[in-house]
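1. Pasting the sequence and the predicted model now:
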Amino acid sequence: MEQYYIGLDLGTKWTYATMINGEKNVIKEAKLPCEEAAIERFLGGIPKECLNVVMEACGIWHGLYDYLVERCNVVKVANPMQTKLNSSGKKTDKLDSKRLAELLKAGMINESYVPQKDARDYRSKIRHRQSMVSISTELKNQIHATLREENIKHPKEFEDIFTKKGITWLKHLRISEIDNCLELITAANVQIKNADHLIPDDLYRNEIRLLKTMPGVGDITAPVIMSEIVDIKRFENPKALCKYAGLVPKVIQSGESDRRGRLVKQSSKILRTALIQCAQGVLKKKDGGKLKMFFLKMAKKKKSNTAVTALAHKMLYIMWFMLTNNEGFHDGGTQVGE
């Protein structure tokens with residue numbers, strides 16, 4: 001049966017679709033609403049075993065992907081950072097769609113990793129919770145900024161002004177900006193609790209248990225880490241995992257020159273942030289073991305933030321071995337030394 005290759009250039013409102021045959025001749029192309037019904041009309045009743053589809057990874061591909069997997073023989077999600085769509089300098093939705101179809105036909109699509117649906121749902125719920133936490137944190141930062149502007153220092157009896165006593169003190173100040181932030185923080189905390197109830201506790205149960213044996217990794221950060229890793233087997237070595245987290249510098253080579261630049265940007269910012277939080281958690285412990293010793297050694301040579309990042313890198317490096325070997329953290333073993 002004749003095979004058809006379809007490239008989808010997705011947009012928030014519209015999708016440009018191009019269908020070619022085995023000879024790379026354009027069969028049809030169209031600008032479609034981002035709806036399953038519109039895509040189905042474009043496919044025109046062609047049997048599943050004849051359809052091969054590719055689309056670029058973006059923020060809206062998830063829902064359409066699940067539909068296409070049921071409808072098409074092959075469905076691929078192209079990695080936009082590794083898939084070169086044009087060489088002429090021109091960039092339009094029409095050209096990108098056609099180029100995607102041609103690359104699919106030629107077997108030249110660099111694919112993005114697509115987790116199973118349950119893993120994607122888990123990640124989505126975790127990310128939603130994290131967004132609520134970010135909102136709460138930003139509001140707290142605004143309160144701190146207001147106190148600085150008003151030159152108000154909190155009583156020494158409590159370090160954290162967001163405890164019950166601290167919030168009571170804040171309310172007694174009767175500053176409208178602070179009162180508004182406190183109301184929004186309360187609302188955000190309610191949503192965070194609601195999000196907690198929606199996150200399944202059976203997925204990654206064993207992996208989360210293992211991660212929590214490492215100092216600095218807790219009930220919040222362990223699920224976040226696993227929601228981004230998904231499957232440790234997809235990382236062939238710890239360096240690949242650290243690169244995915246953006247905890248390795250760019251390598252810039254030219255002739256005999258070999259320089260290390262800033263951290264890789266095309267990475268999971270959520271995973272990197274969680275690892276930084278874990279590293280900071282180690283520093284708060286009185287007995288942080290060899291991990292804390294590593295930080296103290298690095299802090300003598302580098303700035304504090306750089307040393308924290310280095311510790312986060314080491315911790316993730318060790319996590320790869322923990323998850324790969326299905327074993328908990330042990331201080332002083334071969335895991336701690338890279």
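-> Done, it's in. Numbers count the residues shown, from 1 in each chain.
2. Now the element after the stretch of helix or strand L184 belongs to, going C-ward?
-> With elements taken from DSSP states H and E, the one containing L184 is helix 176-198. For helix 176-198, the following helix or strand on the C-terminal side (DSSP H and E) is helix 205-211.
3. now the following helix or strand past that following helix and helix 176-198, what's the angle there?
-> Per DSSP H and E, the first helix or strand lying C-terminal to helix 205-211 is helix 221-229. If you take axes from the mean of the first three to the mean of the last three C-alpha atoms, to 10 degrees, helix 221-229 sits at 70 degrees to helix 176-198.
4. so what does helix 221-229 touch, helix or strand wise?
-> helix 117-149, helix 205-211, helix 269-284 (3 or more C-beta pairs under 8 Å, 6 or more residues apart in numbering; DSSP states H and E). Every C-beta, even on glycine, is put in place using the N, C-alpha and C of the backbone.
5. So for the shortest one, mean pLDDT?
-> In this case it means helix 205-211. For helix 205-211, mean pLDDT is 96.
6. buried set for that helix?
-> Neighbour-count burial for helix 205-211, with 16 or more other C-beta atoms under 10 Å as criterion, is recorded at E207, I208, L210, L211.
7. got a list of contacts for that helix?
-> Identification of contacts with helix 205-211 by C-beta atoms under 8 Å, 6 or more residues apart in numbering yields 217, 222-223, 225-226, 232, 319, 322-323, 326-329.
8. okay, now the domains of the chain?
-> Domain assignment for the chain by automatic domain parsing gives 4-106, 117-198, 205-325.
9. next one: the shortest one to chain centre, how far?
-> Right, the one you point to is domain 117-198. From the chain centre to the centre of domain 117-198 is a distance of 23 Å (C-alpha atoms, centre = their mean, to the nearest Å).
10. And the residue lying closest to G328 once chain neighbours are set aside, how close does it get to Q130?
-> Take G328 and drop its neighbours on the chain: the residue closest to it by C-beta to C-beta, 6 or more residues apart in numbering is T213, 3.6 Å away. To Q130, T213 is 23 Å away according to C-beta to C-beta, to the nearest Å.
11. Of these two, which one has the most company?
-> More crowded of T213 and Q130, by other C-beta atoms under 10 Å: Q130, with 18 against 13.
12. List the buried residues for the one helix or strand R99 maps to?
-> Element membership of R99, judged by DSSP H and E, is helix 93-106. The neighbour-count check on helix 93-106 (16+ other C-beta under 10 Å) flags D93, L95, D96, S97, K98, R99, L100, A101, E102, L103, L104, K105 as buried.
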